[in-house]
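In: Quick check, what structure comes out for this input:
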Amino acid sequence: LEFCRVLFRSTGAPVGDRDFLRFGYMPEERGLYPKMRIREQLVYFARLSGVSASDAAVSADRWLDRLGLVDRAQSKLEELSHGNQQRVQLAVSLVHEPTMAVLDEPFAGLDPIGVEAMARTLRDLATGGVGIVFSSHQLDLVQDVCQDVVIINEGRVVLSGELTELRDRSEQRHLAVTVEGKPWTPDLSDVESVGSNGDRYLIRAQTDIGALLEQARRDGEVTSFTFEPPSLSDLFREAVRK
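Out: As a prediction, the model looks like this:
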């Protein structure tokens, strides 16, 4: 919550107790009551944020439906799987319809279907005008969901900005080439392998792509050729080395 206070203060608007009621917070560690029934918890936490009893009940039912938890509404939290507990934790952070949500590792413990549902929910909230701030070590998910990123290394911000811009202005590019259906290694002095199977490389953005393609063609038929900005994982590795 102190992070939210600082963030709002930076806009010049004072932050009071009523403002804090409009924040949603999802901790990485469970902050719910294991033996309390799911719907009851949602209503309870909505009421703590100043929502009327009737509105809290309506919102609780809406989030149970949205996150696929209707059939577990009367279950105790401890009876749910880890992934469903994560969904309940998200619902609790959003049941009072906050204007800003701060989420710590929201994708932790979710299966692929759960990850997709969580990502879709976050995108919908952002589209609807809710500010979403979340931390995660799952950089592929961050890249798919976020518009702006901040990379922190040992307590220091080493890179921040709009993700597409950061990728485009990088001095490196991601290269993946197959010749005769097999991964191909470019003959360059400053190339770094980043693929587990030797099929992906980081090269300088100024590399002559035409000459590189001709080089690959001399070794056989080029069946695929990809040259694009680095991924967020690549940017992370580059930033923390500096």
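
In: From now on I want contacts and neighbour counts done on CA atoms only, so please keep to that.
Out: OK.

In: which residue ranges form the helices in the protein?
Out: Counting by DSSP state H, the chain has helices at residues 2-9, 17-20, 38-48, 53-66, 82-94, 112-127, 139-145, 163-168, 209-217, 232-241.

In: So for Pro183, which of those helices sits nearest?
Out: helix 209-217 (10.6 Å; Cα to Cα).

In: JSON lines for the helices of the chain, including mean pLDDT and mean neighbour count?
Out: Shown next, in JSON lines, are the helices of the chain (pLDDT from 0 to 100; neighbours: other Cα atoms under 10 Å):
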{"stretch": "helix 2-9", "mean pLDDT": "43", "mean neighbour count": "13"}
{"stretch": "helix 17-20", "mean pLDDT": "72", "mean neighbour count": "12"}
{"stretch": "helix 38-48", "mean pLDDT": "96", "mean neighbour count": "21"}
{"stretch": "helix 53-66", "mean pLDDT": "96", "mean neighbour count": "18"}
{"stretch": "helix 82-94", "mean pLDDT": "91", "mean neighbour count": "23"}
{"stretch": "helix 112-127", "mean pLDDT": "87", "mean neighbour count": "15"}
{"stretch": "helix 139-145", "mean pLDDT": "87", "mean neighbour count": "15"}
{"stretch": "helix 163-168", "mean pLDDT": "92", "mean neighbour count": "16"}
{"stretch": "helix 209-217", "mean pLDDT": "91", "mean neighbour count": "13"}
{"stretch": "helix 232-241", "mean pLDDT": "85", "mean neighbour count": "15"}
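
In: For Ser189, see how far away the nearest residue to Asp199 once chain neighbours are set aside is.
Out: Of all residues not flanking Asp199 in the chain, Pro183 sits nearest, at 5.0 Å (Cα to Cα, 6 or more residues apart in numbering). The gap separating Pro183 from Ser189 is 18 Å, by Cα to Cα, to the nearest Å.

In: out of these two, which sits in the more crowded spot?
Out: For Pro183 and Ser189, the more surrounded residue by other Cα atoms under 10 Å is Pro183, and the numbers stand at 17 against 7.
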